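Visitor: sharing a model that was predicted from the sequence below.
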Amino acid sequence: SGAPSTSSSRLAPALIQLSDLPAGFRTEPLTARNLPSLIKGCPGLEVLQQSNIADQAQAEWTKGALDDYVNEAVIQPRGETAASLVDKASSALTSCGSVKVAEEGLSVTLQATPLNLAPVGTASHAWHTSAKFGIASMEMNVVLIQQDDLVVLIAQTRVDGHTNDDLTLSASQAAAKRAADFQKQQH
């Protein structure tokens, strides 16, 4: 099909490990909810989902259904640099101001605002997104990181609660370090 695999075994070592997250997390099996394909409704962000991806690895961790989730995608760009892919995607999300995700079978529109998070990796951009759907609500922190030649996407989600900026930052820092170490071992 030519589509990049959703979880490349070659890039898997660049993903964060359970040991990088606070106690209480467990690994979740990959589902259709994965990044970055779960984020829709912002045309410019589709650059993260289409022909300019050579390879990507994904993983998800959670503390439980109504608790914190962390999702990660490590993306190797094709035909453009990691820096340009991160710039394009961050400009798109900032200008769209919202994205759509499917949650509990519903299409949920998350309003996005910049999140003041310490810089991570070679370059990084962060947003806080929130939505109401039915009687529930959800929040998601999204961090887009360029680490050398790879793009790393971290999403920290909470349904019916608040995102955890400290967790978002620690997961992002661990992700940038894992991606950097992975690239050093490839050379």
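Guide: Nice, thanks for sending it over. Residues are numbered from 1 along each chain as shown.
Visitor: switch to C-alpha atoms for all contacts and neighbour counts from now on
Guide: Noted.
Visitor: for the chain, which residues score under the pLDDT cut-off?
Guide: 1-7, 31-38, 47-51, 103-104 (pLDDT under 70).
Visitor: try 90 this time
Guide: Per-residue confidence of the chain (counting by pLDDT under 90) places the weak regions at 1-9, 28-56, 64-67, 78-80, 88-89, 92-94, 98-110, 131-138, 159-161, 186-187.
Visitor: which residues are in contact with the longest helix belonging to it?
Guide: In the chain, assigned by DSSP state H, the helix with the most residues is helix 165-186. Here helix 165-186 makes contact (Cα atoms under 8 Å, 6 or more residues apart in numbering) with 13-16, 20-21, 70, 74, 117-118, 120-121, 141, 143, 145, 147-148, 150, 152, 154-156.
Visitor: make it 6 Å
Guide: With contacts defined as Cα atoms under 6 Å, 6 or more residues apart in numbering, helix 165-186 is touched by Ala14, Ile16, Val120, Gly121, Gln147, Gln156.
Visitor: where along the chain do the helices fall?
Guide: Counting by DSSP H, the helices of the chain are 82-96, 165-186.
Visitor: want to try a markdown table for the ones you listed, with mean neighbour count and distance to Ala126 as columns?
Guide: What follows is the helices of the chain, written out as a markdown table (neighbours: other Cα atoms under 10 Å; distance: least, Cα to Cα, whole Å):
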| stretch | mean neighbour count | distance to Ala126 |
| --- | --- | --- |
| helix 82-96 | 18 | 8 |
| helix 165-186 | 18 | 10 |
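Visitor: nearest to Phe133, out of the ones you listed?
Guide: Phe133 sits nearest to helix 82-96 of all those, at 19.6 Å, using Cα to Cα.
Visitor: for the closest one, list the C-alpha coordinates in CSV.
Guide: Extracted in CSV, the C-alpha atoms of helix 82-96 (Å, rounded to 0.1, in the frame of the first residue of the first chain):
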residue,chain,number,x,y,z
ALA,A,82,12.3,17.2,10.6
ALA,A,83,12.6,20.9,11.2
SER,A,84,10.4,21.8,8.3
LEU,A,85,7.8,19.2,9.2
VAL,A,86,7.6,20.5,12.7
ASP,A,87,7.4,24.1,11.5
LYS,A,88,4.6,23.3,9.0
ALA,A,89,2.6,21.2,11.5
SER,A,90,2.9,23.8,14.4
SER,A,91,1.9,26.7,12.1
ALA,A,92,-1.1,24.6,11.0
LEU,A,93,-2.3,23.8,14.5
THR,A,94,-1.8,27.4,15.7
SER,A,95,-3.7,28.8,12.7
CYS,A,96,-6.5,26.2,12.8
